[in-house]
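> curious how this folds, go ahead:
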Amino acid sequence: MADYLNIIYDQKSHPKTSYPEKLAKHLFNSFEMEKGQIFLEPGCGRGEFLSEFNKLGLKCHGIDLSNYAGSILDKKVDVIKGINLQNEKWPYPDNFFDIIYNKSLLEHLNNPDKFLNEARRVLKPNGKILCLVPDWESN
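Now for the predicted structure:
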């Protein structure tokens, strides 16, 4: 469903909040990220988190199935649209990113092993991958 952003995550039902800013700052500090590091968010959606990580000085890239991905971003953030993250090769060279981040994405994939293998391919040696998934038992 390439149009999921306009159908499920429209601005009326899911307005922007301060949560992305707070989480980005927390993760930036907790995982000792540094300004200038190259950052990828697969499944970036509208781009709320990319926008906040960009403000913190990371060189941000996003990739998403939706042609509406990154709709709230400025031109400083590169977003590649229309890519199936679990079935297609990502359009990045090997060992390119310092950090790969995703939130509430893995639990929606039918082939998370393919996703993670592709993430490993584009991640630099000693890079960081941060996969945040919901903990339904504690919710």
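
> now Lys35: closest residue in space, sequence neighbours ignored.
Nearest non-adjacent residue to Lys35, counting by Cβ to Cβ, 6 or more residues apart in numbering: Gly57, 3.1 Å away. Using the backbone N, CA and C atoms, a C-beta is placed for each residue, glycine as well.

> what's around that neighbour, how many residues?
Neighbour count of Gly57, defined by other Cβ atoms under 10 Å: 14.

> quick one: it is in a helix?
No - per DSSP: H, G, I helix; E, B strand; the rest coil, Gly57 lies outside any helix segment and is coil.

> could you check the pLDDT of it?
Note on Gly57: pLDDT of 96.

> wait, it touches Phe39, no?
No - in terms of Cβ atoms under 8 Å, Gly57 does not count as a neighbour of Phe39; the distance is 9.8 Å.

> phi, psi for the residue lying closest to Pro112 once chain neighbours are set aside please.
Spatially, and ignoring its direct neighbours in sequence, Pro112 is nearest to Leu106 (5.2 Å; Cβ to Cβ, 6+ apart). Here is the backbone geometry of Leu106 (degrees, to the nearest 10): phi -60, psi -40.

> pretty sure Leu106 is touching Phe115, no?
Yes - counting by Cβ under 8 Å, Leu106 touches Phe115, with 7.1 Å between them.

> so where is the protein shaky, pLDDT-wise?
Along the chain, segments meeting pLDDT under 70 span 1-15, 72, 74-75, 136, 138-139.
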